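**Q** One predicted model, sequence on top.
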Amino acid sequence: MKGTRSLLAPYAVALLTVGSVLLLTLLLQPLLKSSIFLLFFAAVAVSAWYGGMEAGLLATALSTLAVSYFFLEPVFSLLVASLDNILRLGLFVLVTTIINLLNSELRTAKQHLQTSLQKLQVSEARFRRLIESNIIGVIVANMDGAIAEANDAFLRMVGYSQEDLQAGRVRWRDMITPEYIEANNRAMPTAGYAYAELTTKGVCQPFENEYIRKDNSRVPILLGSALSENNPNDIVSFVLDLSKRKQAELALSKSEERYRTFLEHSSEGIWCIELEVPISVDCPEDAQIEHFYQYVYLAECNNVMAQMYGCSRAEEIIGVRLGDFLVASDPHNIAYLRNFIRSNYRLIDAESHEIDKQGNSKYFLNNLVGVVENGLLVRAWGTQRDITEQKRAETALRQREDELRLITNAVPVQISYVDGEQRYRFNNKGYEHWFGIPAAEISGKHIREILGESVYQSILPYVEAVLSGEQVTYETQLLHQDGTNHYMNVTYIPQFSEQGKVAGFVALITDITLHKLAEQERELLLEREQAARADAEAASRMKDEFLATLSHELRTPLNAILGWAQLLRTRKFDETMTSRALETIERNTKSLAQLIEDVLDVSRIIRGTLNLSMNRVKLAPLVEAAIDTVYPAAQAKEISINCRFDPEVELVVGDANRLQQVVWNLLSNAVKFTPKGGRVDVQLERIESYVQIRVSDTGGGIAAEFLPHVFERFRQADSSTTRSHGGLGLGLAIVRHLVELHGGTVSAESPGIGQGATFVISLPMKAI
């Protein structure tokens, strides 16, 4: 609606103007009779000026109709009768048409001028905005070198201030470097360089230059200039600081130079492969591998890589296809490419099996990374090292290791290699079987883990010695896998590195258990033989001593009997002397009979013919009878015999005579070995189901080393014929045998020499 009103407004102005002029003419008709068209000219001119050509023509038409109708004869009619009036109307139409044309052109020119002014204002505002934004340097200068105007960006670029600019100290001619002036003396200088095209074309294309800054340093710039249209002497220049770009270019140049130097001097092959047709990373593996062999080619590499394939320079190998060196029929290579795909196109230390220019097999260790753009693999960069000789050496080493393993496994010795950190690196089958640990579990483990803490601590001094460079041999015990301890002979041999340092040691371990057991058996047999020989020698010696003692003991009573018998036969004695002689003969005869009886008892014991007459026996009367037997001898030595009998002692089953013989032997020994004025204690008591007889004295006692042998036959603490006490040393042996025949036990106790002795007999309450 608003647009419609704006379109009709010029026509409304034409109607309003013509109507107003019509009314005015009607009012002034008497004054305007000779120039009736005067005011209508003004109406047409106003309408054309305001509304344009169309409004002016409308005003002309309306004015013609108004004049014909209101002012020409006949009045109030559109018919014009007079030729003169027709000419006047025609002249009016012609003049107003010319006025319309002139006004239309003038109006159009005015509109164009306004539009140009508006554009000029906008352009100037943009230019001013560009200058004030300080994005690039902008200057307005003249051909003489003076700079009339410059923004802060330019002033910062050259190191000047606005004060310097206002004082006229900023001149572009002073900033041009001498070498540029000499190199371009054919050109007219403008803003550092004046090219002829600036004067001929009015515009100088941007070019690189350098300005001398206020501090005499230089700044690289990009300069573009144009002559001012209003004043050909004025130049408008745009200046861009290239310092950062130049630094970047220099850094890039240095980086590229370093990269090229690295490529040429690198000990590794460096390469880049391209795909003629990129492939989607979402394709199946087999499709990608087929695509690689079809479209991958070598785009770039260094000379080192070319030499790995038998070429002298990189140019000889650039452009070769993937299948020319990575054989597709080799399963290892297919696995290599699969790993490349599965690792998201990034591999580290991956082996490839390839062929060189002459068809020789080569092994390489590769690091490579693929470049993916928009989901497509387009290229890959990588490095490689030739490990062909290393692989051959490894193969040879592996073969030698296999041979060595066969040899070491055949040797009946446990062999192990331990490194400097005390970790297992090699073990033969014998070692693994002996400990019962698989190779996978023992390899790389510390010896402490396998041998155990206690064994490790016991062998640690030997380990430290061998790691210091000393060969060590020792014997120890180790736990076999069957749980038994074995004797082992161990030898540690140090192994040295090329630098002469100890890198580890070889352990040679031999199971010497059978040898050790044989040695122990031999030692035991030797000890037994020596003991048997000693026993035999002791027995022989004791028999000799016994025979000597026996002859002495027999001779003493026989001499007494024979002497008194000869005296009685050859002399006449009174009754007292005769009675004394007969008493002596009787006493020595009994002593001789007792000696013979003891020998006979020992003989029966040895032959096993000593028999007992077993009956129910009361021990108290039996012990008292034995005491009565030895009482005279005790009284002669002023020895007191003290008795203490337990009333709870019951009957025992045994041979009364032999039991009395046992007690008599113990009492006679106690009296014999107790000095004058001593004491003998006899105790009879019940202990649980046993009857215990204890005979204690205050005599000479028994030495600790002889105490275990006191009940042996023919054994005496003093076996010499000159000993202070008589006897054959058979009494205690007979006592032990008789007590044992009764199912009892006998033991001897003594604190030591001079401290008395105690003999204890234990008999069961019932016969066995």
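**A** Perfect, I can see it now. Numbering: from 1, shown residues only.

**Q** Can you check the pLDDT for the most centrally placed residue in the chain?
**A** When Cα atoms, centre = their mean is applied to the chain, the residue found nearest the centroid is G444 (14.0 Å). Note for G444: predicted pLDDT of 83.

**Q** Who are the contact partners of D697?
**A** Neighbour list for D697: A670, V671, F673, T674, G678, R679, V680, D681, G756, A757, T758 [criterion: Cβ atoms under 8 Å, 6 or more residues apart in numbering]. All C-beta atoms are positioned from the backbone trio N, CA, C, and that covers glycine.

**Q** show me the contacts for the first one.
**A** Right, A670. Contacts of A670 (Cβ under 8 Å, 6+ apart): V680, V695, S696, D697, G699, A757, F759.

**Q** Next, format these as TSV and append pLDDT, distance to I273 and secondary structure.
**A** Compiled in TSV, those are given as follows (pLDDT from 0 to 100; distance: Cβ to Cβ, whole Å; DSSP: H, G, I helix; E, B strand; the rest coil):
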residue	pLDDT	distance to I273	secondary structure
V680	90	118	strand
V695	90	113	strand
S696	90	112	strand
D697	91	114	strand
G699	86	114	coil
A757	89	109	strand
F759	90	109	strand
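
**Q** okay if I get those residues as JSON lines plus distance to E276?
**A** Shown next, in JSON lines, are those (distance: Cβ to Cβ, whole Å):
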{"residue": "V680", "distance to E276": "127"}
{"residue": "V695", "distance to E276": "122"}
{"residue": "S696", "distance to E276": "120"}
{"residue": "D697", "distance to E276": "123"}
{"residue": "G699", "distance to E276": "123"}
{"residue": "A757", "distance to E276": "118"}
{"residue": "F759", "distance to E276": "118"}
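
**Q** What about the contacts of D697, which one has the most neighbours?
**A** Counting neighbours by other Cβ atoms under 10 Å, A670 leads the contacts of D697 with 27 neighbours.

**Q** That one belongs to a strand, doesn't it?
**A** No: assessed with DSSP: H, G, I helix; E, B strand; the rest coil, A670 is helix; it does not lie in a strand.

**Q** So it versus A733, what's the distance?
**A** 17 Å (Cβ to Cβ, to the nearest Å).

**Q** any idea what sits nearest C643, other than its immediate chain neighbours?
**A** V682 (4.9 Å; Cβ to Cβ, 6 or more residues apart in numbering).

**Q** In which helix or strand does the one you found reside?
**A** If you go by DSSP states H and E, V682 is part of strand 679-687.

**Q** do G224 as well
**A** strand 218-227.

**Q** Could you list the paired strands of that strand along with their orientation?
**A** Sheet pairing here is set by DSSP bridges, and for strand 218-227 it gives strand 203-212 (antiparallel), strand 234-241 (antiparallel).

**Q** Could you look up the next helix or strand downstream of the helix or strand where Y431 lies?
**A** Assigned by DSSP H and E, Y431 belongs to helix 429-435. Scanning forward in sequence from helix 429-435 by DSSP H and E, the next helix or strand is helix 439-442.

**Q** contacts for that following helix?
**A** Y424, N427, E432, F435, I450.

**Q** next one: stretch 486-494
**A** 459, 462-463, 465-467, 469-480, 502, 504-513, 515-516.

**Q** right, so the strands paired with strand 218-227: which one is the most enclosed?
**A** Mean neighbour count, computed with mean count of other Cβ atoms under 10 Å, is highest for strand 234-241 among those, reaching a mean of 20.

**Q** Contacts for that strand next, please.
**A** Outside strand 234-241, the residues touching it (Cβ under 8 Å, 6+ apart) are 136-143, 148, 153-154, 157, 172, 190-191, 198, 206, 211, 219-228.

**Q** Between the contacts of helix 439-442, which sits nearest G359?
**A** N427 (41.9 Å; Cβ to Cβ).

**Q** Test of understanding: give the bridge partners of the closest one.
**A** Where N427 sits in a bridge, its partners, by DSSP bridges, are S416.

**Q** list the contacts for it?
**A** N427 touches Q414, I415, S416, Y417, A439, I442, S443, counting by Cβ under 8 Å, 6+ apart.

**Q** how about the helix or strand encompassing V653: buried residues?
**A** Secondary structure from DSSP H and E places V653 in strand 652-654. For strand 652-654, a neighbour-count test (16 or more other Cβ atoms under 10 Å) marks V652, V653, G654 as buried.

**Q** Any idea how many residues pack against the closest residue in space to S689 that isn't next to it in sequence?
**A** Distances taken as Cβ to Cβ, 6+ apart put M765 closest to S689, at 5.1 Å, once the chain neighbours are dropped. Residues within reach of M765, counting by other Cβ under 10 Å, total 14.
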